[in-house]
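# heads up, no residue letters with this:
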């Protein structure tokens, strides 16, 4: 429960990686509590405002527009957050130019050649020398 109380807030809704981390931390900790037979109904009134403060203001506003009930549940909020994260991830993938990656791939970086390359300046083991 301490991890849920100390969630690091995400301030920008376009930071999809941070939103994904926040959602994953919520799910991990909520499922951990459920495995101890502590269900969201028992701590929803405590956790709900903490999660609302941890998500970006525009997502909190959008959630409140869609769920104008007086008593919102943590499960409703996590379901909404899950949908938002997945939608933003799909949108980010679709809008990126072909061939660009958001994560560096160490296998795609150029490695130095294995074999020595010919030297065109007349030096080295494979120098191109004029015929005499």
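Structure's in. What do you need? Since the model is a prediction, treat every value here as computed from it, not as a measurement.

# use CA for all of it now, contacts and neighbours both
Will do.

# Residue 66: how many residues sit nearby?
Residues near residue 66, counting by other CA atoms under 10 Å, number 9.

# any idea how far it is from residue 77?
Noted for residue 66: a distance of 11 Å to residue 77, by CA to CA, to the nearest Å.

# what do you get for residue 20?
Taken as CA to CA, the span from residue 20 to residue 77 is 14 Å.

# Same question for residue 43.
Taking CA to CA, one finds residue 43 at 13 Å from residue 77.

# now residue 22
Taken as CA to CA, the span from residue 22 to residue 77 is 13 Å.

# out of these two, which sits in the more crowded spot?
residue 22 (21 against 18).

# three-state assignment of residue 14?
Assigned with DSSP: H, G, I helix; E, B strand; the rest coil, residue 14 falls in the coil class.

# Can you get me a residue count around the closest residue to it other than its chain neighbours?
Closest residue to residue 14 apart from its sequence neighbours, by CA to CA, 6 or more residues apart in numbering: residue 88 at 7.8 Å. Look at residue 88: counted by other CA under 10 Å, it has 19 neighbours.
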